[in-house]
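Asks: My questions concern the predicted model and sequence given below.
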Amino acid sequence: MFSDKDIRQIQEKGISDEQLQWQLSVFRKGIAPMKLNRPASIGDGIICPDNKEIDRYISDFDSAGNIQKIKFVPASGAASRMFKALFEFMDSADEQTDSENEFIITFFGNLRKFAFYSALERKIRDKGESLNGLPDEKKYKKILEYLLTEKGLNYGNLPKGLLQFHHYERDSRTPFEEHIREAVQYAKTQDGKVTLHFTVSPEHLEEFRKLLHTIRPVYEQKNGIVLDVSFSVQKPSTDTIAVDSDNQPFRENDGSIVFRPGGHGALIDNLNELDADIIFIKNIDNVVPEKLNSPTIRYKKALAGILLETQKKVFKLLNELDAGIPPEKRLQEMYKLITGILYYIPASKPVFTDAKACVQKFREILNRPIRVCGVVKNLGEPGGGPFWAHNSKGDLSLQIVESSQVDHFDAKQAEIFKRSTHFNPVDLVCSTKNFRGEKFHLPDYIDRNTCFISKKSKDGRDLKALELPGLWNGAMADWLTLMVEVPMETFNPVKTVNDLLRPQHQ
């Protein structure tokens, strides 16, 4: 199947033969859907702490000592989808009719309210024109050319992290800056260090670095901190092979094999390289202006406090198991803790009289990375939700499940998915070290059965692409998982440009 030229191409990407054969087998055999048991809900997998408990968790986190903290932000996503409706309008043949579209009317009717308005105005002025007169003359497409293309701000080709989202009295800020300012409030160590890591696309890495170079002195002086900001890109070794309708490698016209990025699940390798006691994870577009981020700060600290409390319980159990074989009664107590507090239920109940087997099984369950996931009430947003789900061994645990992982042709599974009460806004706090302080190798805890196949086209030919298990669902499927309800005020994504007109972004 593969020539010497193919093998060189595969080796240059750093893809192992084992990885490649697994990918090809997935195309041939297909993927088994997730087996849902029931939605997670308040009192049944989702914790809903009251204000007194929240205060205690925050206090526990604030008094935890000089632990290493880092904020991990996937920031490589392009903003093109954010401007989809504007691109369609710019490419339309009937500008008069399409300008009556509600989305277009809202956008141009509120143009001055966008944080990027001043930059757009300057760019147009530099070209010898005035932005003020263009809307009145209904020269909408010209405005969009200056906003979206290389003729002007080039927003249609930039990542969300570099767009001006929020207007302040003296300037406007990008999501990149907002994430840094937010991290100062909960990720600062006792010695004043604030560490963040952004995954970015290679073509925009230098622009992120330039912005950091500009803002770093100001932020450090104003907040009395030391900023430690690093970047990484998705590794070529996480790309996946594309195949044709016969499941044979899809090839370019020159005969080379087509590989595609493996999706955001590939970022588990980037996460694996971080070394910290607590890792905060949040999407690049989920930020608000500084004056509105109090609920976010409060609940981020609370999630971290819950993580530390859970970690303490898990480490205590593991140390106890290491010290010797506990008596039968204590093994039963441990099992209750595992199933009742850590939400992990083995397929078969342990035989407590077989103490050695119990100890081995409990170690296997407990010695894993831990994540605490903030979830919000489901208001119809697309994406994953919290469910009780079975893995391939039959074990039952809490999982974040995407719609694409569910067999919607199975009426029972479709009904379970439909009854979901909560949604995952990608608000996680994680522990990736074991009870001995050693880093886990995170790729060992991926459920590779949770990848999915998508249909694409290239050069007029159909191809099939393989998306790796998502970063916060399949790539973390074998982690110990807790779900905590957080308020909607902490969830403010920007999926379309007009979302920036919502009150929480003004």
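Replies: Received the coordinates, thanks. Numbers count the residues shown, from 1 in each chain.

Asks: which SS state does the most far-flung residue of the chain relative to its centre fall under?
Replies: Checked against the mean C-alpha position of the chain, the extreme residue using CA atoms, centre = their mean is T353, at a distance of 42.8 Å. In terms of secondary structure, T353 is coil; the call rests on DSSP: H, G, I helix; E, B strand; the rest coil.

Asks: ok, it - contacts?
Replies: E328 (CB atoms under 8 Å, 6 or more residues apart in numbering). The way it works is simple: take the backbone N, C-alpha and C, and place the C-beta from them, glycine included.

Asks: Need the pLDDT of it.
Replies: Model confidence at T353, expressed as pLDDT, equals 90.

Asks: can you check the one 4 residues further on too?
Replies: Listed pLDDT for A357 reads 94.

Asks: so it is in which element?
Replies: With elements taken from DSSP states H and E, the one containing A357 is helix 355-366.

Asks: What distance do you get for the residue farthest from the centre of the chain to L331?
Replies: The span separating T353 from L331 equals 9 Å under the rule CB to CB, to the nearest Å.

Asks: Check which helices and strands the helix holding A357 sits against.
Replies: helix 294-323, helix 328-340 (3 or more CB pairs under 8 Å, 6 or more residues apart in numbering; DSSP states H and E).

Asks: Okay, angle between the first one and helix 328-340 too, please.
Replies: Per axes from the mean of the first three to the mean of the last three CA atoms, to 10 degrees, the angle that helix 294-323 makes with helix 328-340 is 150 degrees.

Asks: quick one: average pLDDT of stretch 283-298?
Replies: For stretch 283-298, the per-residue pLDDT averages 92.

Asks: Could you work out the end-to-end span of that stretch for me?
Replies: In stretch 283-298, first residue to last residue: 18 Å (CA to CA, to the nearest Å).

Asks: what sits up against it?
Replies: 54, 58, 73-75, 77, 159-161, 165-166, 168, 173, 175-176, 178-179, 181-182, 185-186, 198, 425-427, 487, 489-495, 504-506.

Asks: of those residues, buried ones?
Replies: If you count burial by 16 or more other CB atoms under 10 Å, the buried members of the contacts of stretch 283-298 come out as 54, 58, 73-75, 77, 159-161, 165-166, 173, 175-176, 178-179, 181-182, 185-186, 198, 425-427, 489-494, 504-505.

Asks: quick one: buried residues of stretch 184-203?
Replies: Of the residues in stretch 184-203, those buried under the neighbour-count criterion (16+ other CB under 10 Å) are 184-189, 194-201.

Asks: Throw those residues into TSV and include secondary structure and pLDDT, thanks.
Replies: As requested, the buried residues of stretch 184-203 are arranged in TSV below (DSSP: H, G, I helix; E, B strand; the rest coil; pLDDT from 0 to 100):
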residue	secondary structure	pLDDT
V184	helix	95
Q185	helix	94
Y186	helix	95
A187	coil	94
K188	strand	93
T189	coil	92
V194	strand	96
T195	strand	97
L196	strand	98
H197	strand	97
F198	strand	97
T199	strand	95
V200	coil	95
S201	coil	92
